[in-house]
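In: Need the 3D shape of this:
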Amino acid sequence: MIRNYFVEWTKEIEENQQKAYPDDRFPYGADWQMTDFMKRIGLKFPVGDNRSVDGKTFYLRITRIGNVG
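Out: Numbering: from 1, shown residues only. Below is the predicted model:
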């Protein structure tokens, strides 16, 4: 079910735009291939094609206190 995601990304695979599975949207070497993997294992990507966020959004807020270094 997920075996084809765990392969070495060779130059030939990347140049030929090969995909792990025929129904994937993204080829080897593309960052977005992770979304194909997530879909295959049942995880939903939290941002839709229209950029709408589905679910909670969290922000990291960092405050500098005093002098550093």
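In: Could you pick out the longest helix of this structure?
Out: helix 33-40 (DSSP state H).
In: Now do the SS call for I62.
Out: Per DSSP: H, G, I helix; E, B strand; the rest coil, the secondary structure class of I62 is coil.
In: Count the residues that sit near it.
Out: 4 (other CB atoms under 10 Å). All C-beta atoms are positioned from the backbone trio N, CA, C, and that covers glycine.
In: next one: the one 5 residues further on
Out: When neighbours are counted by other CB under 10 Å, N67 registers 5.
In: now P27
Out: Neighbours around P27, by other CB under 10 Å: 18.
In: do the same with I13
Out: Neighbours of I13 (other CB under 10 Å): 16.
In: Now it. Its backbone dihedrals?
Out: Per-residue torsions, I13: phi -60, psi -50 (degrees, to the nearest 10).
In: What's the end-to-end length of stretch 48-61?
Out: Taking CA to CA, to the nearest Å, the first and last residues of stretch 48-61 lie 25 Å apart.
In: now what about the longest helix of the chain, what contacts it?
Out: 1-2, 5, 19-21, 24-27, 44-45 (CB atoms under 8 Å, 6 or more residues apart in numbering).
In: tell me the mean pLDDT over that helix?
Out: What helix 33-40 shows for mean pLDDT is 94.
In: Tell me which residues of that helix come out buried.
Out: 33, 35-37, 40 (16 or more other CB atoms under 10 Å).
In: cool, stretch 4-13 as well?
Out: Quick answer for stretch 4-13 (16+ other CB under 10 Å): 5, 13.
In: Extract the CA atoms of it and return them as PDB.
Out: Extracted in PDB, the C-alpha atoms of stretch 4-13 (Å, rounded to 0.1, in the frame of the first residue of the first chain):
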ATOM      1  CA  ASN A   4       6.600   2.600  -3.400                       C
ATOM      2  CA  TYR A   5       7.100   5.800  -1.400                       C
ATOM      3  CA  PHE A   6      10.200   4.300   0.300                       C
ATOM      4  CA  VAL A   7      12.600   4.200  -2.600                       C
ATOM      5  CA  GLU A   8      15.800   6.100  -3.400                       C
ATOM      6  CA  TRP A   9      15.100   9.200  -5.500                       C
ATOM      7  CA  THR A  10      17.500   8.600  -8.400                       C
ATOM      8  CA  LYS A  11      18.200  11.300 -11.000                       C
ATOM      9  CA  GLU A  12      16.500   9.100 -13.600                       C
ATOM     10  CA  ILE A  13      13.300   8.700 -11.500                       C
END
